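**Q** I need the structure of the sequence given here:
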Amino acid sequence: MRDSVVTVAIASMLVSAVASLIAAPAAAADGKAKEKCYGVALKGQNDCAAGAGTTCAGTSTIDYQENSWKLVPAGTCEMIKTPNGHGTLAQGPAPA
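**A** Model (predicted):
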């Protein structure tokens, strides 16, 4: 009986933890919601999983690379101006 109670308690904690991760918006340490903004990062300053031609954070090869992203405060991406236009929520093509 005691083993089944412990098993149920552990399972409940795991379900609760997973549910909170799924329900939580993308957030930085400051607790404010963030979104991926493509085409705004400078060379080598993208956040992780940038796309073709990059492996992770800091691997973009050109400024404002259209398939690399940076986390920005939610709702601000499309207001960010770059020499190539505005930031976008959709991934663009890899550099040629």
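
**Q** ranges for the strands of this protein?
**A** With strands called from DSSP state E, the chain shows them at 34-38, 69-73, 81-82, 85-86.

**Q** Can you spell out which helices and strands pack onto the first one?
**A** If contacts are counted by 3 or more Cβ pairs under 8 Å, 6 or more residues apart in numbering; DSSP states H and E, strand 34-38 sits against strand 69-73. Yep, even glycine has a C-beta here, placed from its N, CA and C like the rest.

**Q** Give me the residues contacting the strand it packs on.
**A** Taking contacts as Cβ atoms under 8 Å, 6 or more residues apart in numbering, the residues outside strand 69-73 that touch it are 26, 28, 32-38, 40-41, 45-47, 50, 80, 87, 91.

**Q** just the CA coordinates of that strand, formatted as CSV?
**A** Extracted C-alpha coordinates of strand 69-73, given in CSV (Å, rounded to 0.1, in the frame of the first residue of the first chain):
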residue,chain,number,x,y,z
TRP,A,69,16.2,34.3,-34.4
LYS,A,70,16.6,36.2,-31.2
LEU,A,71,14.2,36.2,-28.3
VAL,A,72,12.6,39.6,-27.9
PRO,A,73,9.8,40.8,-25.6
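
**Q** That strand vs strand 34-38, what angle?
**A** 140 degrees (axes from the mean of the first three to the mean of the last three Cα atoms, to 10 degrees).

**Q** Please dump the strands of the chain into JSON lines; it should also carry distance to residue 62 for every row.
**A** Formatted as JSON lines, the strands of the chain follow (distance: least, Cβ to Cβ, whole Å):
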{"stretch": "strand 34-38", "distance to residue 62": "13"}
{"stretch": "strand 69-73", "distance to residue 62": "14"}
{"stretch": "strand 81-82", "distance to residue 62": "12"}
{"stretch": "strand 85-86", "distance to residue 62": "15"}
